[in-house]
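*Asks:* From the sequence below, what's the structure:
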Amino acid sequence: MNIESRVEKIVAVLDKNKAEDIEAFNLEESDYVAKAVIIANSRGGKHTAALYDHIRVAAKELGEKILAADESDDWIVVDLEDILLHIMTPQYRMRYSIEEFLQELKEGKFKATEKIG
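*Replies:* Okay, here's the model as predicted:
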């Protein structure tokens, strides 16, 4: 399954479970750790955790592997191999402006200039 199809399925799970302001960034052409990043707003701490629970169940059904997750009440980051998912409260999303960084990354503003090792 290609990256776009996988992202669409994850976005559908989030949308079905009332996540808000869902944005997906295809970063396959960028120099970044993931091929795609999805950002979604929750309506609060309990909703953040509930959305993650829905993603965990759906990941198994979709054949996705969750490598790691970093959880707090306001922000959960989920590593789905080559897709990163950020579920956060609107306040955290505004504070950290991740989509601004991702848009600049997508536009090629940040590039690796030298190999290490």
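
*Asks:* For A24, give me its contacts.
*Replies:* 7, 11, 36-39 (CB atoms under 8 Å, 6 or more residues apart in numbering). C-beta: built from backbone N, CA, C; applies to glycine.

*Asks:* what sits opposite it in the beta ladder?
*Replies:* Counting by DSSP bridges, A24 is bridged to I38.

*Asks:* measure it to V78 for me?
*Replies:* 14 Å (CB to CB, to the nearest Å).

*Asks:* where do the strands sit along the chain?
*Replies:* Remark: strands assigned in the chain by DSSP state E are 20-26, 36-41, 68-71, 75-80, 83-88.

*Asks:* what is the orientation angle of the last one with strand 20-26?
*Replies:* Taking axes from the mean of the first three to the mean of the last three CA atoms, to 10 degrees, one finds strand 83-88 and strand 20-26 inclined to each other by 160 degrees.

*Asks:* In terms of secondary structure, what does strand 83-88 contact?
*Replies:* Packing contacts for strand 83-88, counted by 3 or more CB pairs under 8 Å, 6 or more residues apart in numbering; DSSP states H and E, involve helix 3-16, strand 36-41, helix 45-62, strand 75-80.

*Asks:* next one: the third one
*Replies:* Using 3+ CB pairs under 8 Å, 6+ apart as the contact test, the elements touching strand 68-71 are helix 45-62, strand 75-80.

*Asks:* Tell me which residues are up against the first one.
*Replies:* By CB under 8 Å, 6+ apart, the residues outside helix 45-62 that reach it are 6, 9-10, 13-14, 16-19, 40, 42, 64-66, 69, 71, 73-76, 78, 80, 85, 87-89.
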